[in-house]
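Novice: got a predicted structure here, sequence first:
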Amino acid sequence: MSASLLKVTDLKKAYGAIQAVGGVSFEVRPGEIFGVIGPNGSGKTTLFNSMLGQITPDSGRIELKGQDVTGMGPLELNRRGVGRTFQTLQVFGKMSVRDNLIVAAQEHQGNLFSRMFAPGDSGLGAKADALIDQFHIKHVADKKAGELSYGQQKLVDIAMAFMSEPDLVLLDEPCAGVNPSLVGGISQLLKQLNQTRKGSFVVIEHNMDFVMDLCHRIMVMVEGKVMAIGTPEEIRANKEVLDAYLGS
Amino acid sequence: MKKLSVLFGVLALAALVLVPSMLKSHGIYLFTYWLIYVIATMGLNLTVGYAGQKSLGHAAFFGIGAYVVAIGMQSGLSFWAGLPVAALSCFVVGLILGFPALRVQTIYLAFATLGFNTAVWLVMRNEEWLTGGTFGINNIARPEAFGISFDGNLAFYYLVLGFSVVLAALLWGLLRSPWGKAFTALRDNPIRAESLGVDIRRYTLLSFAIGGVYAGIAGALFGSLVQFIDPAPFTVEASIMMYLMVVVGGPGYFLGPLVGAAVGVILPEWLRFAQAWYLLVFGAAVMGLMIWLPDGLLSIPDRIRAKRQSREASAARAAAAQGVKS
């Protein structure tokens, strides 16, 4: 069995003549926070969507816990322990915050038939409340998610990805559009979750301070290819990366 | 608030039990007709309002339910034996109709379901050996159970009321179960729902199938009410009318069908005084509703609440700004 939780090997995806992802390989270890950075158009989101079954890669192999999951859809991946957030907010606006969290894990309880007769909270109420507490959104727990501020919705959005206790969570720009004071809060929350739940995270983010502070290792992508993989210190010291991306 | 809702529910049920006994035959007939449409649109509300699937084929299920029971009764089956067959038929056909929804959405899905309704209607009209074609099926008897005959209008009304209450309770339970949240997640954001493990294929199919069962049962009751069926009440026009009832009442509001079906069934009766102008008045009323209340009549309390919250938030911001200045 592979020691890595996630192993991506020579993944390729082209749109016509444009090679969005051109042979990307990397591994994510159990308990690791792995950052993916790169300028716009470097192929980060295509890589994410290929890994998450939103699009089918042209070639390459994706292994989760040693099993080939290449081309598997989002539903199957979720059932195998993969959670995700999206670049844009994706909460269920007409449901309460609490119900957003419950629906994020209810399908992992019992089977379709048993869920028809299960209580409304699927027995997940206490777990949802604990996560609501941890994310400091208790005061809005019974409000409709669509009525909250952007920052609060972002917290709900992230909390939903953790509700089913996935082994691997892929976070697509968790700080996008968030005010600077909340960025630190999100970083702290993710560190706490990483320590308490021992899960692995893959984080795409443009906020360099956030990535350098949060991630154990970072992969830099440029024009669909891997430029470097290393610890934050190694990435900061990498001259090629400095020239191509960090710019100083 | 909860106590108030319970009190309102009890009073409404008491009114539904008592008022028809004071009405003449036509009034009882109208109330029965309304309740049958409430049952049918409860199902459509699940498909459209809760699960977000655009269906313009609901009258086909209404017709399938009516014809299955009527044909069964012609063959010697009782109403009670035909009813589960009708419900099961609608469930299976609903599952099949759900498949296009896995490929297309919005207006394209509406057209696919509209095509389904037309196809079913053509079968009802053209397969004379089975359905009686345009001549229809006559002398559909009203049911009896445990020695109680529901032949009289008032007795049949109470039977339909009983069905309405039981089916409403079942739907209420379903919507309060995890299935209800899954349907809402499917409606609000299917991509996110799937990424959270919600099997959107299964829930899409189930929303059509369960919605179809409600329409099928309503259709069976409709056949018994009018005691004659032909293809006319099961056209695309009838499907559009049912969709309108859901939208006017408030899609995704549990009591929406009660209000919507009243607008679709009872309001035209009230507008009879307008004679030839009736359709114009009805059309104008519906247009006005859609312009000022696009989420339906039952959205009024929510709109008032949202406005009040917005006013309070503005006042709080103004007060905070005043505090900063001084």
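Specialist: Received, thanks. Numbering: from 1, shown residues only, chains lettered A, B, ... in the order given.
Novice: what about chain A, any weak spots by pLDDT?
Specialist: Residue ranges of chain A with pLDDT under 70: A:1-2, A:246-248.
Novice: which bits of it sit near chain B?
Specialist: A:52, A:54, A:73-75, A:78-79, A:83-84, A:86, A:90-95, A:99, A:102-109, A:112, A:115-120, A:122, A:147, A:160, A:164 (Cβ under 8 Å from any Cβ of the partner chain). C-beta here means a position set from N, CA and C on the backbone, and glycine is covered the same way.
Novice: how about the contacts made by residue B:226?
Specialist: With contacts defined as Cβ atoms under 8 Å, 6 or more residues apart in numbering or on different chains, residue B:226 is in contact with residue B:140.
Novice: and residue A:112, what does it touch?
Specialist: With Cβ under 8 Å, 6+ apart, residue A:112 has these contacts: B:199, B:202.
Novice: what strand or helix carries the nearest residue to residue A:138 once chain neighbours are set aside?
Specialist: With sequence-adjacent residues excluded and distances taken as Cβ to Cβ, 6 or more residues apart in numbering or on different chains, residue A:138 is closest to residue A:132, at 5.4 Å. Using DSSP states H and E, residue A:132 sits in helix A:125-134.
Novice: list the buried ones in that helix?
Specialist: Using 16 or more other Cβ atoms under 10 Å in any protein chain shown as the test for burial, helix A:125-134 gives A:127-128, A:131-132, A:134.
Novice: shouldn't the residue nearest to residue A:138 be in contact with residue A:101?
Specialist: Yes. Using Cβ atoms under 8 Å, residue A:132 is in contact with residue A:101, at 6.7 Å.
Novice: overlap of the contact sets of these two?
Specialist: Contacts common to residue A:132 and residue A:101, judged by Cβ under 8 Å, 6+ apart, are residue A:159.
Novice: secondary structure class for the closest residue to residue A:219 other than its chain neighbours?
Specialist: Distances taken as Cβ to Cβ, 6+ apart place residue A:229 nearest to residue A:219, at 4.7 Å, with adjacent residues excluded. Recorded secondary structure, residue A:229: strand (DSSP: H, G, I helix; E, B strand; the rest coil).
Novice: residue contacts, residue A:229?
Specialist: A:26, A:217-220.
Novice: can you show me the strands along chain A?
Specialist: Using DSSP state E, the strands found in chain A span residues A:6-15, A:18-28, A:33-37, A:59-64, A:67-68, A:82-84, A:168-172, A:200-204, A:217-222, A:225-230.
Novice: what distance do you get for the residue nearest to residue A:138 to residue B:15?
Specialist: Distance, residue A:132 to residue B:15, using Cβ to Cβ, to the nearest Å: 41 Å.
Novice: how about residue B:84?
Specialist: Per Cβ to Cβ, residue B:84 is found 31 Å from residue B:15.
Novice: what's around the closest residue to residue A:240 other than its chain neighbours, how many residues?
Specialist: Distances taken as Cβ to Cβ, 6+ apart put residue A:227 closest to residue A:240, at 6.2 Å, once the chain neighbours are dropped. Residue A:227: 18 surrounding residues under other Cβ atoms under 10 Å in any protein chain shown.
Novice: please apply the same query to residue A:81.
Specialist: Counted with other Cβ under 10 Å, the neighbours of residue A:81 add up to 17.
Novice: how about it, what does it touch?
Specialist: Applying Cβ under 8 Å, 6+ apart to residue A:81 gives the contacts A:64-65, A:166-168.
Novice: of all those residues, which two lie farthest apart?
Specialist: With Cβ to Cβ as the measure, no two of the contacts of residue A:81 lie farther apart than A:65 and A:166, at 11.7 Å.
Novice: do I have it right that residue B:236 meets residue B:116?
Specialist: No. Applying Cβ under 8 Å, one finds residue B:236 not in contact with residue B:116, separated by 9.8 Å.
Novice: list residues touching both of those two?
Specialist: residue B:57.
Novice: picking that back up, I'd like the contacts of residue A:81 as CSV, with neighbour count and distance to residue B:186 appended.
Specialist: Putting the contacts of residue A:81 into CSV (neighbours: other Cβ atoms under 10 Å in any protein chain shown; distance: Cβ to Cβ, whole Å) gives the following:
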residue, neighbour count, distance to residue B:186
A:64, 23, 26
A:65, 16, 29
A:166, 24, 21
A:167, 18, 26
A:168, 23, 25
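Novice: where does chain B dip in pLDDT?
Specialist: For chain B, the ranges with pLDDT under 70 are B:1-2, B:324-326.
Novice: break chain A into its domains for me.
Specialist: A:1-81+A:167-248, A:93-165 (automatic domain parsing).
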